[in-house]
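Colleague: below is the structure, and that's it, no one-letter string:
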Ligand SMILES: Cc1ncc(C[n+]2csc(CCOP(=O)(O)OP(=O)(O)O)c2C)c(N)n1
Ligand SMILES: Cc1ncc(C[n+]2csc(CCOP(=O)(O)OP(=O)(O)O)c2C)c(N)n1
Ligand SMILES: [Mg+2]
Ligand SMILES: [Mg+2]
């Protein structure tokens, strides 16, 4: 969570932007390596259920995370490992959720990408696509109610989620209430196996914005520089009271929908388009070209990240699994109103 | 159901357009008088439940009805008395539904505006706003499947219904399948008591079209001439295979949401804008100005319509109410699978 | 001066808005207009900025309420009719109902569902949805039958830290009057003996309580004393009070306006027979609406839902078993 | 050669597509990809133009299916997971389920719901929704437990003129194998005695049939002969077969993977006790999932749903009553 400047104009701003870029890059790198680790753990049977990677989407995701401040709101989706870290999630919380540790934020009750800490403005997604956007609206409205100024909320969705009624209702709601919502659409060309041609018929998803009366920007989602600027600008506009902002990024999912999926349906031609570039490599080249980092530094950062991940995973693997006997089998917080009628005691 | 020509260009077309205009006007008139009758019956306690009028929306509605052909599909909404008649509904079916006659198409099971004959392409709405659009899509897709060419489906919604997820999903679906759907949005400035400023934030609802990749037209909904042309063109484009069309009409509801509602919330200033004109009067003036009809003729038509309505109502009031003892209390068509377990026999 | 069930609901909301700055109301036409049923009449004026008209977006309405609750507010959502909550269903059963369990963060959202049949309202403005909501863990489902309960239970609903589905019966809105608003009340989760009797127990809730009382009155001259239990809350369900009543009477008739399959009536019977089997002197019975959508025509509607007459008839049969 | 439950579902769809030109399949990723669960593998290739990928729009998916059904087609809708049908809920319970009753026009839509818990799937990919759908008039709700039933009941579902909610259990997809596809089958609406026994009746359906059979096996060496009834269809529910079994055994345990409140198990108990009260020698019992969302972690999941072991324990208790 670093604040991105709008434009790298003055010398000072250039320095600030470079710092932001470097920070974002390191979150991208950490996310990529963490994702790789989860994939490896899944292949070796150490993770139950699905594993969903953000490969190819780290630039956009990290840009969202670093553009937000403490006190802001972030509702990430499945490909947002980078943004989560940038928003302040620890590798530990991510690992605990994936490995089902009883000590994790979800206590083994939910897993993988279904994690968050609502009280810190970091929303745990439910699986139903589009459903988190209006929840972000609610937090933003509450902040206005409580006269807490300057909050921005980012909700992240994919191209497929734009077809949900929930997406539509929530974006319209934010527009009517003029809420500081930044809706980031990662158009990664597929929703699971479904290409965009079967998902929508507009020329560009950013064309939707005018129909809601919100501002929109399009961005090359493989280019961290562009993502930082476009997302940063959208966040700044929302913070300045200009109402909801939409950012549509073009990129390509460089992995399966989940690790169970070999993504054989992805059109090989797409991989050769600019959208098919690996944003991590693009960022590394940029760093080297700009002389913002040397090759050796990149290698060191990578080792550092791997080291952190390995340590955390080692720790989490020793942590207790949730104990069904110690578990409180109760879905409501009002103890006195929970049903005394317990089936298991029959 | 008359087919509207696109443009009143040639002499021949002028004659045809005039004929269409006259027909549409007579449907408007009949609808207005029928609505008035239902309102009167409601006030005298002869109609149970709600009565929902189309006052001020007859031009747009009639234009939809006359633009369609036999074999087309029409999913009207609550303010579409004129369009229903133009599409082929009889005053008898309308009256039977409002009065709950056992002989009506809904057999007293549903009432008022919740009527239709699905097998004739005339869809009976459920109350949930936006829900009928995708049903129209289904019929259109089925026609394509069955290789029946040239069908057009009109679905009619209000400004408020554009906020529903159902609206969004269905319009997007139609666009993806390139179905011959004509979605008519009657922006009558209010959804029940809610003004458009609390419903959406775009400048014009027609701005939504580009975000779906569909064509749109805007029209003055109080002007029958404009409605016939705009709706007629949209229907022709859909029929020609150009995919879904959206028509957004500006008008004002000249009545309450239902007859129980005095509409005290309507901004008096709006009534003085062009949208606040009474489309029936506008059409009458046009007829007289164009010398397409004389004043006496209009009076005669009115008497004819009143006579028809009175006769039908008198007939329907003598018809049997549904008999709960004769009623088949079964919701599925498969008799053998209906539950034998009948509570009432306990 | 007397108070209707509807006024009680309005007053409870006014009270909640007055006492707790965290409360706000969100729903279609609830603002200046005062709501389709007038349950929020004047509240927008009395509490500026705290009674907000929503777009016709039940999914987003519910999502927003959950977000606001996360942030510590206590939203009251009005669905215009219970039937329309089907389009906000996902946010209710999957977002609101699971939040606390997943994250330990409470979700104090009250969803007001104007529900139940009234003459001429037809299949989409009459439905009873308590059953489907009660099926889901994480929700509390309240079904007040009296003016007093409408008031006190709504106040309690707003105070509860969990999502509450507040089923307010439209038939009772104007039909039911009380002298004044109550100053004390049974807590949520406790059923009420609405009428005492020793020959049979009728367990029911909401509008059917009054049909059952009517039936009990009808049976009294015949020498039968029918006890009527008003559940008040269908989840949690006060099995103890029901069981104690059945222990006294030995006979159980469950009445619900909702459809039968898996309804409140099935749930009561399952509980009583599995936990208090020996208490029954005759098979438990239930009476529900017929298994079709709710018909529009008054004649059909009257036959579709249980009435005092039908309850009395079912009771007579059961008393003879 | 053997056939899995999943393959049976695929084969039934292939069969339906082959035999009836009115059939088509619509749902997310069902086309070339063959569906998230591979239940439509190769069908798009075999039946060009008749297996269509939909946008992520469950409401519109269902609405389109109803429209196509009005026009005489027989759509099969695949929901990617049953849980996501909550966003298509309105079109299912209010559009599809009411169409015939309102208009006399049948609505032959089959909605395939891959449902039920599997290890590690968590609260939003594990739900059992048979209860909420069965509550609504106008729907038929099928819950096949075997490879043979998966096949024959899906074929029958497509042939039925009403909306069918076809609950196919994801846990059984790969776990269950049969020698071959059946050539004949019990009709929909008839329950099946999955195992005979004289000491107790366990009534259940879908994946729990196998847990119950396992439990019955466990109890056999202890001298107990447990009869297992597989409902096959929860609406309509074959009360006669259940009742006849209870008449033989005198004891009833109902097992469901769904939540307890108003579930299939409550419905069975309500029917048996109200219509066949004298048949029982002991209170009827039920065993369901715990009243929380379905947990992600395998340890919690295994404790959340009924298992053979839990069923055996409940049965032992009941046998001792
Ligand atoms: C309402 C709903 N329907 C279906 C699904 C199943 N599902 C999970 S992810 C997914 C594809 C999402 O595509 P997109 O929004 O483009 O995001 P991406 O995975 O490409 O990042 C689908 C269909 C769901 N989660 N929610
Ligand atoms: C999903 C849903 N929510 C709420 C309602 C209740 N309702 C019925 S009509 C109406 C207003 C509709 O406004 P609009 O779409 O503009 O149509 P108009 O009445 O103005 O013609 C509302 C809120 C409904 N029918 N469906
Ligand atoms: Mg995508
Ligand atoms: Mg309107």
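Modeller: All right, it came through fine. Computed from a prediction, not measured in an experiment: that's the story for all the values here. Ligands and ions are numbered 1, 2, ... in the order given.

Colleague: give me the phi and psi for the closest residue to chain B within the stretch 1-150 of chain A.
Modeller: Closest to chain B within the stretch 1-150 of chain A is residue A:130: 8.5 Å, counting by Cβ to the nearest Cβ. (Glycine included, C-beta is placed from N, CA and C.) In terms of degrees, to the nearest 10, the main-chain angles of residue A:130 are phi 90, psi -10.

Colleague: what sits against it?
Modeller: Contact analysis of residue A:130 by Cβ atoms under 8 Å, 6 or more residues apart in numbering or on different chains lists A:157, A:161, A:164-167, A:170.

Colleague: dump those residues to CSV, plus secondary structure, pLDDT and neighbour count.
Modeller: Compiled in CSV, the contacts of residue A:130 are given as follows (DSSP: H, G, I helix; E, B strand; the rest coil; pLDDT from 0 to 100; neighbours: other Cβ atoms under 10 Å in any protein chain shown):
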residue, secondary structure, pLDDT, neighbour count
A:157, strand, 98, 24
A:161, helix, 98, 23
A:164, coil, 98, 30
A:165, helix, 98, 31
A:166, helix, 98, 30
A:167, helix, 99, 29
A:170, helix, 99, 32
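
Colleague: ok, which of those also contact chain D?
Modeller: A:161, A:164-166 (Cβ under 8 Å from any Cβ of the partner chain).

Colleague: what's the farthest-apart pair in the residues you listed?
Modeller: A:161 and A:165 (10.7 Å; Cβ to Cβ).

Colleague: what about the residue in the stretch 151-300 of chain C that ligand 3 sits nearest to, neighbour count?
Modeller: Using Cβ to the ion, the single residue of the stretch 151-300 of chain C nearest to ligand 3 is residue C:163, 31.1 Å away. Neighbour count for residue C:163, taken as other Cβ atoms under 10 Å in any protein chain shown: 32.

Colleague: pull the contacting residues for it.
Modeller: By Cβ under 8 Å, 6+ apart, residue C:163 lies in contact with C:92, C:96-97, C:99, C:107-111, C:138-140.

Colleague: before we move on, what about residue A:156?
Modeller: Contact analysis of residue A:156 by Cβ under 8 Å, 6+ apart lists A:61, A:64, A:74-77, A:80, A:83, A:184, A:186.

Colleague: please repeat the previous calculation with a cut-off of 7 Å.
Modeller: By Cβ atoms under 7 Å, 6 or more residues apart in numbering or on different chains, the contact set of residue A:156 is A:64, A:75-77, A:80, A:83, A:184, A:186.

Colleague: now find how far off-centre the helix or strand encompassing it is within its chain.
Modeller: Take DSSP states H and E as the rule and residue A:156 turns out to sit in strand A:153-158. Chain-centre distance of strand A:153-158: 7 Å, with Cα atoms, centre = their mean, to the nearest Å.

Colleague: would you verify that residue C:114 is located in a strand?
Modeller: Yes: under DSSP: H, G, I helix; E, B strand; the rest coil, residue C:114 falls within a strand.

Colleague: which bits of the stretch 1-150 of chain C sit near chain D?
Modeller: Residues of the stretch 1-150 of chain C lying close to chain D by Cβ under 7 Å from any Cβ of the partner chain are C:86-87, C:89-90, C:93-94, C:98, C:101, C:123-124, C:131-132, C:134-135, C:137-138.

Colleague: also the stretch 101-250 of chain A?
Modeller: Contacts of the stretch 101-250 of chain A with chain D, taken as Cβ under 7 Å from any Cβ, map to A:108-111, A:114, A:126-129, A:160-161, A:163-165, A:191-194, A:198-199.

Colleague: helix/strand/coil for residue C:201?
Modeller: strand.

Colleague: how much space between it and residue C:219?
Modeller: 13 Å (Cβ to Cβ, to the nearest Å).

Colleague: which of these two has more neighbours?
Modeller: A count of neighbours by other Cβ under 10 Å puts residue C:201 above the other of residue C:201 and residue C:219, at 29 against 21.

Colleague: check contacts around the more buried one.
Modeller: Shown in contact with residue C:201 (Cβ under 7 Å, 6+ apart): C:227, C:229, C:245-246, C:249, C:251-252.

Colleague: how about residue A:71?
Modeller: Contacts for residue A:71 (Cβ under 7 Å, 6+ apart) come out as A:121, A:151.

Colleague: what sits against residue C:55?
Modeller: Residues in contact with residue C:55, defined by Cβ under 7 Å, 6+ apart, are A:172-173, A:176, B:163, B:198-199.

Colleague: state the pLDDT value of the residue in the stretch 151-300 of chain C positioned nearest to ligand 2.
Modeller: Residue of the stretch 151-300 of chain C nearest ligand 2, by Cβ to the nearest ligand atom: residue C:170 (13.5 Å). On the pLDDT scale, residue C:170 is placed at 98.

Colleague: check the gap between it and ligand 4 for me.
Modeller: 23 Å (Cβ to the ion, to the nearest Å).

Colleague: who's the closest spatial neighbour of residue C:24, skipping the chain neighbours?
Modeller: residue C:50 (4.4 Å; Cβ to Cβ, 6 or more residues apart in numbering or on different chains).

Colleague: residue C:113 now?
Modeller: With sequence-adjacent residues excluded and distances taken as Cβ to Cβ, 6+ apart, residue C:113 is closest to residue C:82, at 3.8 Å.

Colleague: and what of residue C:85?
Modeller: Nearest in space to residue C:85, with sequence neighbours left out and distances taken as Cβ to Cβ, 6+ apart, is residue C:79 at 4.7 Å.

Colleague: can you say which helix or strand has residue A:232 in it?
Modeller: Residue A:232 is part of helix A:224-239, with elements assigned from DSSP H and E.

Colleague: stretch C:88-107 close to chain A?
Modeller: Yes: against chain A, stretch C:88-107 shows contacts by Cβ under 7 Å from any Cβ at C:90-91, C:94-95, C:98, C:100-103, C:105-106.

Colleague: among the residues you listed, which are located in helices?
Modeller: Among the residues of stretch C:88-107 next to chain A, DSSP state H puts C:90, C:98, C:100-103 in helices.

Colleague: most neighbours among those, which one?
Modeller: The most neighbours of any of these, using other Cβ under 10 Å, belong to residue C:90, which has 31 neighbours.
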